[in-house]
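Enquirer: okay, predicted coordinates and the sequence, questions at the end:
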Amino acid sequence: MSTEIQTATFGGGCFWCIDAAFRRVKGVLQVSSGYTGGETTDPTYKQICTGLTGHAEVVNIEFDSNQISFDTLLAMFFTLHDATQLNRQGNDVGTQYRSVVYYHDSEQQAQTNNYIAKLQSQIREDIVTEVSPATTYYPAEQYHQDYYNENPEQRYCSLLIAPKLQKFAKDYKQFLVN
């Protein structure tokens with residue numbers, strides 16, 4: 001079976017958690033934390049934190065669609081954050097923390113819209129996830145890449161990310177690298 005490499009781009013709050021989860025998934029070839037969706041060219045983390053660049057914190061995921069489907073990645077993404085919180089995730093507040101799927105083709109757009117409609121029919125709160133075409137992606141500074149694995153004892157990682165990863169591992173055990 002040949003490799004069919006595709007890209008998915010998700011924003012769901014701080015990128016450290018989303019990054020850490022997808023690094024554990026079979027068929028995911030590369031994960032990069034970064035910024036997209038705004039006006040500022042080659043933004044820095046300091047600029048992103050102002051909320052004035054228009055960019056969201058995202059993870060850019062390269063995956064082999066013969067090993068894992070975009071629909072499965074979507075399902076995983078929606079379990080990693082609260083898609084009903086507008087421009088925030090918990091204590092992280094601002095447009096840079098918005099829930100967003102940047103689609104790379106019309107098939108991803110349709111799959112995302114269908115998934116959101118299905119999910120919306122199961123909950124009362126409005127899903128506020130933005131669905132937008134992918135724009136220029138800017139990788140975050142090196143210290144943001146694989147942040148959780150590099151800093152597991154850091155307070156944010158141990159208190160917020162570790163419990164999410166434990167639940168993620170339980171829910172998606174069959175899709176994870178051993």
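Expert: Cool, got the structure.

Enquirer: helices or strands up against the host helix or strand of Gln166?
Expert: Here Gln166, judged by DSSP states H and E, is contained in helix 162-171. Judged by 3 or more CB pairs under 8 Å, 6 or more residues apart in numbering; DSSP states H and E, helix 162-171 is in contact with helix 15-22, helix 70-80. For every residue, glycine as well, the C-beta is placed using N, CA and C.

Enquirer: show the model's pLDDT score for Thr3.
Expert: pLDDT for Thr3: 68.

Enquirer: typed the wrong thing, it's Cys157
Expert: In the predicted model, Cys157 carries a pLDDT score of 91.

Enquirer: swap in Gln89?
Expert: 89.

Enquirer: ramachandran coordinates for the nearest residue to it once chain neighbours are set aside?
Expert: Using CB to CB, 6 or more residues apart in numbering and skipping residues adjacent in sequence, the residue nearest Gln89 is Gly13, 2.7 Å away. Dihedral pair for Gly13: phi 90, psi -150, per degrees, to the nearest 10.

Enquirer: just give me the neighbour total for Gly13.
Expert: Number of residues near Gly13 (other CB atoms under 10 Å) recorded here: 24.

Enquirer: which residues touch it?
Expert: Residues in contact with Gly13 (CB atoms under 8 Å, 6 or more residues apart in numbering) are 57, 81, 88-90, 92, 97, 99.

Enquirer: give me the residues contacting stretch 81-93.
Expert: 12-14, 17-18, 94-95, 97-99, 116, 119, 123, 125-129, 160.
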